[in-house]
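K.L.:
got a sequence here, can you model it:
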Amino acid sequence: MKIFISVDMEGISGVVHWNQTEYGKEDYERFRKLMTLEARAAVEAAFASGAQEVVVNDSHNNMRNIIVEDLPPDVKLISGSNKPMSMMEGIGPDFDAVFFIGYHSRASSLGVLNHTYTGRVAHYWVDGKIMGETGMNALIAGYYGVPVVLVSGDSEVTAEAKDLLGKVETVTVKEPKSQFSALCLHPEKSRAMIREAVARALGSLSDYKPLVPSAPSTVRLQFHTSGQADGASIMPGARRVDPVTVEFTGKDYLEAYRGARTMMTLALV
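P.N.:
Numbering: from 1, shown residues only. Okay, the predicted model is just below:
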């Protein structure tokens, strides 16, 4: 059994402000440690449940956050950026299951530190369905036929995951009070719940189904300003929908996803 784990930071218990998630800012070193420990809990539980190989992809910001020496010695860590598949770098058809640890809800939701990939995006749709990073990345796993079996984060992202994926284990580590406040579980409790959820998921893998994308696939991005859409619309194949919205259709979801990331990068204003 081979497991892929994508780890973000905004959904880690205790994280409620950007300064806790950005290198050089107050409390960053403390919270990268907590991020590492939640990842470690998922890894240890995966090995305890029979996994022969576990690959962790650091998926936050510059993607150099997880402290490798604090992970179990048998794990493999993908660190650094820019990575061609970003938060899903390393995924492929040889994996049996995917975990999303420390994820956050989509832009314009009520979740803690909500956003979708970049603060320039107001809404992100795939084939007409609004999605955040959970959906964006679950479709990549689904392209390869791999199910997302576990999502952890605040109550907004776990509800988002259940709505999108149906059968999925979720671990709610905090309840939003506002975009920058939450009722948080103690980190040890969060890690214990993650271990329990991993054991449940890997104990009945056949119950979980991949989120398979359509082909061709259309990604639509609504930005906050028309200037951002101006930049995104430069990309060959992009179509301007309205002053702040641009879309792109790829031959499959991987092409559409790369197109979306390119448009986000071009939206620099």
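
K.L.:
which residues in this structure form helices?
P.N.:
Assigned by DSSP state H, the helices in the chain fall at 28-48, 133-143, 155-165, 187-203, 226-232, 253-266.

K.L.:
the last one packs against which elements?
P.N.:
So that's helix 253-266. Packed against helix 253-266 by the contact rule (3 or more CB pairs under 8 Å, 6 or more residues apart in numbering; DSSP states H and E) you find strand 121-126, helix 133-143, strand 217-223, helix 226-232, strand 245-250. For every residue, glycine as well, the C-beta is placed using N, CA and C.

K.L.:
try the first one
P.N.:
Of the remaining helices and strands, those touching helix 28-48 by 3+ CB pairs under 8 Å, 6+ apart are strand 2-7, strand 53-58, strand 97-103, strand 148-154, helix 187-203.

K.L.:
now do 7 Å
P.N.:
With contacts taken as 3 or more CB pairs under 7 Å, 6 or more residues apart in numbering; DSSP states H and E, helix 28-48 sits against strand 2-7, strand 53-58, strand 97-103, helix 187-203.

K.L.:
could you say which of those is packed most deeply?
P.N.:
Comparing the helices and strands packed on helix 28-48 by mean neighbour count (mean count of other CB atoms under 10 Å), strand 97-103 comes out on top with a mean of 28.

K.L.:
ok, residues contacting that strand?
P.N.:
Strand 97-103 is contacted by residues 3-12, 35, 38-39, 42, 133-134, 137, 141, 146-153, 157, 194, 201-202, 205 when judged by CB atoms under 7 Å, 6 or more residues apart in numbering.

K.L.:
quick one: average pLDDT of it?
P.N.:
Strand 97-103 carries an average pLDDT of 98.

K.L.:
please apply the same query to stretch 33-43.
P.N.:
Mean predicted lDDT for stretch 33-43 stands at 98.

K.L.:
now do that stretch: distance to the chain's middle.
P.N.:
Relative to the chain's own centre, stretch 33-43 is displaced by 15 Å; criterion: CA atoms, centre = their mean, to the nearest Å.

K.L.:
got the CA positions of it in PDB?
P.N.:
Written as PDB, here are the backbone C-alpha positions of stretch 33-43 (Å, rounded to 0.1, in the frame of the first residue of the first chain):
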ATOM      1  CA  LYS A  33       6.600  22.600  14.000                       C
ATOM      2  CA  LEU A  34       2.800  22.000  14.600                       C
ATOM      3  CA  MET A  35       2.400  21.500  10.900                       C
ATOM      4  CA  THR A  36       5.200  18.900  10.900                       C
ATOM      5  CA  LEU A  37       3.700  17.100  13.900                       C
ATOM      6  CA  GLU A  38       0.200  16.800  12.300                       C
ATOM      7  CA  ALA A  39       1.900  15.400   9.100                       C
ATOM      8  CA  ARG A  40       3.900  13.000  11.300                       C
ATOM      9  CA  ALA A  41       0.700  11.700  13.000                       C
ATOM     10  CA  ALA A  42      -0.700  10.900   9.500                       C
ATOM     11  CA  VAL A  43       2.500   9.200   8.400                       C
END
